[in-house]
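Asker: model the structure of this input:
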Amino acid sequence: MRQGLAAKRVKSTGSDQGLTRLTLLPGLCCQAAGGDPLWADDVAAAWFLFYAAAHIMDSIEDQDQPDPWWADLGRGAAINAASGLYFSASLALNNLLKHEATRASATEVITDFNHNFLVMCSGQYRDLVSPMPTLEQYWENAAAKSGTFFSLACRSGARLATDDALRVRKFSRFGHHIGLLVQILDDLEDMHPVQRLDLPGQQPELGHSLAVVYALSVYPPRERARLRDLLATARHDLGAAQEALALIDQSGAALYIAAEIERHHRQAVEALEQAAPQPPAGEALLTLLQKLNPQ
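Answerer: Numbers count the residues shown, from 1 in each chain. Below is the predicted model of the structure:
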């Protein structure tokens, strides 16, 4: 299980410290809403454990390259580790019932976690049955998965500190846009290997990325068919991968993605301002958001 935790990282931050920063979200939102950040320790632990477990399960379901620790052990060992992480997360959440400061909101927060993991499962299911989603489906799936998960982190932390429904919703919206930014930047990371001439092929995730979905949505039938053909062989053919990347670039995907990053960053800032966060946590949340804006 420790190996499973160590393997999880947030690609968009470019380092293992990225996940550490994002696990601060529940505590910072709790503090920003007027509470003690320590109240959110169990929520942050559960969120981290769920995050690591979901990463393992997604890798298996999407048939990605295995993490080094389970490459030789096999998928059975990975599924077993993910199961342990899920149950550990549930135990961490139950600790909310034991502390006086969090007991009143514990049942609501625990139920919220369980409900939203069902929403995330539905998003993952749509990903599995729609290998080439439309642009509209891409955003629906991203909202159901990454948006829901980061929204949950912020909303749960804030709820421990306040029962002001409007403020909690604003913190939730802030987390939603954080999650979509993480998803976009993860997609950009999936495109990097194509540009390395020493890499024999291409990561399979490229075919599900925002850039590809956008290109397929704007190209006429002939170019769309060509791009699909290239993606079908790009994993094992560097020439096909490079031609696919060129077609994606020509579609204007980079401009579209830059505009989407800016839009979600702006909307995250607006949501945070409307939540009226208390210092210094409000400033810390804004700094964390800024690290997700590569522009």
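
Asker: average model confidence for stretch 88-97?
Answerer: Stretch 88-97 comes out with an average pLDDT of 96.

Asker: now that stretch: how far from the chain's centre is it?
Answerer: Distance, stretch centre to chain centre, for stretch 88-97: 22 Å (C-alpha atoms, centre = their mean, to the nearest Å).

Asker: buried ones in it?
Answerer: Buried residues in stretch 88-97, counting neighbours by 16 or more other C-beta atoms under 10 Å, are found at Ser88, Ala89, Ala92, Leu93, Leu96. Quick note: C-beta positions are derived from backbone N, CA and C, even for glycine.

Asker: with stretch 287-295 instead?
Answerer: By 16+ other C-beta under 10 Å, the buried positions in stretch 287-295 come out as Leu289, Leu292.

Asker: touching it from outside, list them.
Answerer: With contacts defined as C-beta atoms under 8 Å, 6 or more residues apart in numbering, stretch 287-295 is touched by 12-13, 18, 21-22, 24-25, 28, 174, 178, 181-182, 185, 258, 261-262, 265, 268-269, 272.

Asker: give me the buried entries from those residues.
Answerer: For these, a burial check counting by 16+ other C-beta under 10 Å picks out 12-13, 18, 21-22, 24-25, 28, 174, 178, 181-182, 185, 261, 265, 268-269, 272.

Asker: which one of the buried residues of stretch 88-97 is nearest to Ile110?
Answerer: The shortest approach to Ile110 among the buried residues of stretch 88-97 belongs to Leu93, at 5.0 Å (C-beta to C-beta).

Asker: which residues touch the closest one?
Answerer: For Leu93, the contacting residues are Asp42, Val43, Ala46, Ala106, Val109, Ile110, Phe113, by C-beta under 8 Å, 6+ apart.

Asker: would you check that the fifth one makes contact with Ala158?
Answerer: No - at 10.3 Å, Val109 and Ala158 do not qualify as touching, with contact defined as C-beta atoms under 8 Å.

Asker: tell me which of those two has more neighbours.
Answerer: The neighbour count for Val109 versus Ala158, taken as other C-beta atoms under 10 Å, is higher for Ala158 (31 against 23).

Asker: pretty sure that one sits against Cys29.
Answerer: Yes - under the criterion of C-beta under 8 Å, Ala158 makes contact with Cys29 at 4.5 Å.

Asker: mutual contacts of the two, please.
Answerer: Common neighbours of Ala158 and Cys29, using C-beta under 8 Å, 6+ apart, are Phe171.

Asker: hang on, the earlier thing: neighbour-wise, which of the contacts of Leu93 leads?
Answerer: Counting neighbours by other C-beta under 10 Å, Val43 comes out on top of the contacts of Leu93 with 30 neighbours.

Asker: ok, that one to Ala153 distance?
Answerer: 8 Å (C-beta to C-beta, to the nearest Å).

Asker: between these two, what contacts are shared?
Answerer: With C-beta under 8 Å, 6+ apart as the test, Val43 and Ala153 both reach Pro26.

Asker: tell me the first helix or strand C-terminal of the single longest helix found in the chain.
Answerer: The longest helix of the chain (DSSP state H) is helix 100-129. Note on helix 100-129: by DSSP states H and E, the next helix or strand toward the C-terminus is helix 135-142.

Asker: contacts for that following helix, please.
Answerer: For helix 135-142, contacts defined as C-beta under 8 Å, 6+ apart pick out Gly123, Arg126, Asp127, Ser130, Pro133, Gly179, Leu180, Gln183, Leu210, Val213, Tyr214, Ser217.

Asker: the buried residues of stretch 88-97 in strands, which ones?
Answerer: With strands defined by DSSP state E, no entry of the buried residues of stretch 88-97 lies inside them.

Asker: hang on, the earlier thing: now do the shared contacts for Val109 and Ala158.
Answerer: In contact with both Val109 and Ala158: no residue, using C-beta under 8 Å, 6+ apart.

Asker: what's the most distant pair in the contacts of helix 135-142?
Answerer: Taking C-beta to C-beta, no two of the contacts of helix 135-142 sit farther apart than Gly179 and Ser217, at 21.8 Å.
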